[in-house]
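Trainee: sequence and predicted structure, then a few things I'm wondering about:
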Amino acid sequence: MSSEPAADGVGEEPAGDNAVGDTTETADEPPLRVENLRKEFGGITAVDGASFEVADESLTGLIGPNGAGKSTTFNCITGVHEPTDGAVYFNGTDIAGLAPNVIANRGLVRTFQIARELAEMTVLENLMLAPQRQQGETLFRSVLPPFRDGVIEEETELREAVWESLEFFEIDHLAEEQAGNLSGGQRKLLELARALMTNPDMLLLDEPFAGVNPTLETKLLDRINQLRAEEGLTFLLVEHDMDIIMEHCDPVIVMHQGQVLAEGRPEEIRNNERVVDAYFGEQQ
Amino acid sequence: MSTDWFQTSRLTQFRELLERSDVALVLTAMAAFYLLFLGIGAILNYDVAGLISILGQVTFFTAVYALIVLALNLHWGYAGLFNIGIAGFMAVGVYTMAMLTAPPTGSPPGLGLPVVVGVVGGMLAAALVGLVTALPALRLRADYLAIVTVAISEIIRLTYNSPAFSTFTLPGGIALGTGGASGIGTFPSNPIQAVYYVDPSSAASGATPIGAAIFGFFEAVFGVVRSAVIVDLTYGLVLAVVVFLVYTLLARVGNSPFGRVLKAIQEDEVVAKSLGKDTNRFKIKTFMLGCALMGLAGVLWQGFGTGAVYPQAFRPELTFYIFIAVIIGGAGSNTGSVLGGAVFANLLFLLPQYLPNIIEQTFSIQADPNNFIAAVGPIAAGEIAPLLGYILNQRLPALRFVFVGVLLIYLMQNRPEGLLGHRTETAAAVDLSEGHTPGGRTGSDLTAPDERGVDDE
């Protein structure tokens, strides 16, 4: 809390424009630091004092058996749930309990485990929705003639970016389709593309590769690595596919029963007895 | 054969035109309604002035319904805000207008301000009441907004109805009043009358030069001497222009990033929030704009249209009429809202008013029985007279609800999305499908004229 005012000034700079490696001002502070996070639903403690950090420009994996509290942790970080206790520092500022839109505005954006495409909007509209602080999002600017020209100009620019994104994710042939008509894998792609259109600093991806074909999966991982290297994005990834986690994520955080069980490089995790026990049951 | 083919192809062309052009669609529908009511006027042996009067009524009710349905469509069709307090917001608009503009010496006393101040004030007041309603309700789940709005609407009506506020004195010593159950009828008359009459409040005062010219024209060509029907028809046409302006405004709201966020909120608010949209702000702004338009509709309908306001005009049925109209038109489509308003106004609001007269004119029938079962039972035996007798007996109220019921059942089974609800109107300020050319030059060329010059070289 004490570092809040100073860090706030840094964290609020426009995202994405920083050159690679321009991180000296936040050298000590990781983009995301979760401290003693607790979330109780009635009598059930879904997250029970979890603490971890996500390093800048990393692709951090978050794994754990079903019910370990991964999705609840995501929901607490992104403001969908208010944590019962604990703190979530994003770029040095405590964001625990803030509204989801405020957190997203600060550059921390998430995708959902079950894709939440806006089914009755076209794929194009889904992506056009995402960019933040659009001029035309104010009522007066969207209606009054002098401002309307600026809105149209901005829409034209966004449209370019949206088409580029659709082409990259190989769903441009579906651009004018209603998002509800897409297949499961295509919806996942749409959701990832949409999250990226917000121009975030950090992305929390909840099982982004479920239902995505292996070729595209490789392409997506390449893109993630490119975004890390070139635009300084940080990724936290929940994934059940161990091959992806072990091959691409570093470090890996393991959750079990609402707590962080282990944290480390993939090979350390693979050989960690407690992790093996958590997944396969303790052998007495 | 060849003429047959020619006619079918003409018909196909016409259908295609209707599908392409909303203006053609609305104009065709209006032409059909005008013809229908001219036919009714002819059956009832109306003279030309009577026919002009009936056309004026069709125009007026179509326009006011279209206006209020457009406002509801902004709430319900665009943002999914379930407002069932429409009558209340209309009442706030028209009562505020009346209280601001009624003369201080009248009964009840008003502030005597200009009409423009009254209209703007009425819209602002409706928007503010909307804000007060929305602030607590929008933080809860959507259903609560419905409960709060229906409650607010009744509170507003009963407050205006209350003798306590019939006349009261503000702290500064200014007298003001709602007129209680008898309402207010002393506010300035319809501004259109100022164009036609020397003294806008009295037709007997003589015509202005413009009025004299137009009345003279109608008298010479149609032999019409009742100037009131011409004034009413003019007001109807002015309202049609207002509908067009509001339509344009709402189309712009819809086809913009703002409208896109509304669409997203309606579908999945969590997604909109997780993309950084302050959904409460969007909902409150939308709610206030819609309420302001409802206030305007109240002013133009009950205020200038009827010429007097009284609490009974704002009973909850009014709200349900508007909802039925939006369902007919198809929630989410502005053109559908105009059509839904037109269908409701003409077939469900006006037609039942004329039907008993037509029956009386055409058949010699007793106004009997007085219950619906006794009326429809004999139809099985091929007797239609009891049904006609029932219609005659009931005159208006029950008949309208019978029609509404039949239409709603038909719609639910055959076209649950309404007339135009199946349409998907893309929420963007530009055509999104353009710009697909690699490099995207095509898209920019159309919308960025200042860059085009460079390309041409």
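Mentor: On my side now, so go ahead.

Trainee: could you look up the SS state of A:Val34?
Mentor: Per DSSP: H, G, I helix; E, B strand; the rest coil, the secondary structure class of A:Val34 is strand.

Trainee: is it true that it touches A:Ala50?
Mentor: Yes: here A:Val34 reaches A:Ala50: they are 6.1 Å apart, a contact under C-beta atoms under 8 Å. Bear in mind the C-beta positions are built from the backbone N, C-alpha and C, glycine included.

Trainee: between the two, which contacts overlap?
Mentor: A:Thr73, A:Gly86 (C-beta atoms under 8 Å, 6 or more residues apart in numbering or on different chains).

Trainee: go through chain A and flag its longest helix.
Mentor: Of all the elements of type helix in chain A, the one with the most residues (DSSP state H) is helix A:145-168.

Trainee: show me where chain B has its strands.
Mentor: Applying DSSP state E to chain B gives strands spanning B:168-169, B:175-176.

Trainee: the last one pairs with which strands, parallel or anti?
Mentor: With DSSP bridges as the test, strand B:175-176 is paired with strand B:168-169 (antiparallel).

Trainee: so what touches the partner strand?
Mentor: Taking C-beta under 8 Å, 6+ apart as the rule, strand B:168-169 contacts B:Ala175, B:Leu176, B:Gly177.

Trainee: ok, of these, which one's closest to chain A?
Mentor: Nearest to chain A, judged by C-beta to the nearest C-beta, of these is B:Leu176 at 31.8 Å.

Trainee: report pLDDT for the closest one.
Mentor: Here, the pLDDT recorded for B:Leu176 equals 91.

Trainee: any idea what it is bridged to?
Mentor: Counting by DSSP bridges, B:Leu176 is bridged to B:Phe168.

Trainee: thinking A:Lys39 is in contact with A:His81, fair?
Mentor: Yes: in this structure A:Lys39 lies within contact range of A:His81 using C-beta under 8 Å: 6.0 Å.

Trainee: more neighbours: these two, which one.
Mentor: Taking neighbours as other C-beta atoms under 10 Å in any protein chain shown, A:Lys39 and A:His81 compare with A:Lys39 leading, 22 against 19.

Trainee: list the contacts of that one.
Mentor: A:Thr45, A:Ala46, A:Val47, A:Gly69, A:Thr72, A:Thr73, A:Asn75, A:Cys76, A:His81, A:Pro83, A:Thr84.

Trainee: what's the burial count for the fourth one?
Mentor: In this case it means A:Gly69. 25.

Trainee: spit out the contact partners of it.
Mentor: Counting by C-beta under 8 Å, 6+ apart, A:Gly69 has contacts A:Lys39, A:Ala46, A:Val47, A:Asp48, A:Ala50, A:Met255, A:Gln257, A:Gly258, A:Gln259.

Trainee: same thing but at 10 Å, please
Mentor: When contacts are counted by C-beta atoms under 10 Å, 6 or more residues apart in numbering or on different chains, A:Gly69 is found next to A:37-39, A:45-48, A:50, A:62, A:75-76, A:255-260.

Trainee: now a PyMOL select for only the buried ones of those residues.
Mentor: Filtering the contacts of A:Gly69 down to the buried ones (16 or more other C-beta atoms under 10 Å in any protein chain shown) takes a single PyMOL command:
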select buried, chain A and resi 37+38+39+45+46+47+48+50+62+75+76+255+256+258+259+260
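
Trainee: send me whatever helix or strand comes next after the longest helix of chain A as CSV with only the CA atoms.
Mentor: Next helix or strand after helix A:145-168 toward the C-terminus (DSSP states H and E): helix A:184-197. Extracted C-alpha coordinates of helix A:184-197, given in CSV (Å, rounded to 0.1, in the frame of the first residue of the first chain):
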residue,chain,number,x,y,z
GLY,A,184,-15.6,-24.2,-30.0
GLY,A,185,-12.0,-23.8,-31.1
GLN,A,186,-12.8,-20.8,-33.3
ARG,A,187,-14.6,-19.2,-30.3
LYS,A,188,-11.4,-19.6,-28.2
LEU,A,189,-9.4,-17.9,-31.0
LEU,A,190,-11.9,-15.1,-31.2
GLU,A,191,-11.7,-14.6,-27.5
LEU,A,192,-7.9,-14.4,-27.5
ALA,A,193,-8.0,-12.1,-30.5
ARG,A,194,-10.5,-9.9,-28.7
ALA,A,195,-8.4,-9.8,-25.5
LEU,A,196,-5.4,-8.8,-27.5
MET,A,197,-7.3,-6.0,-29.2
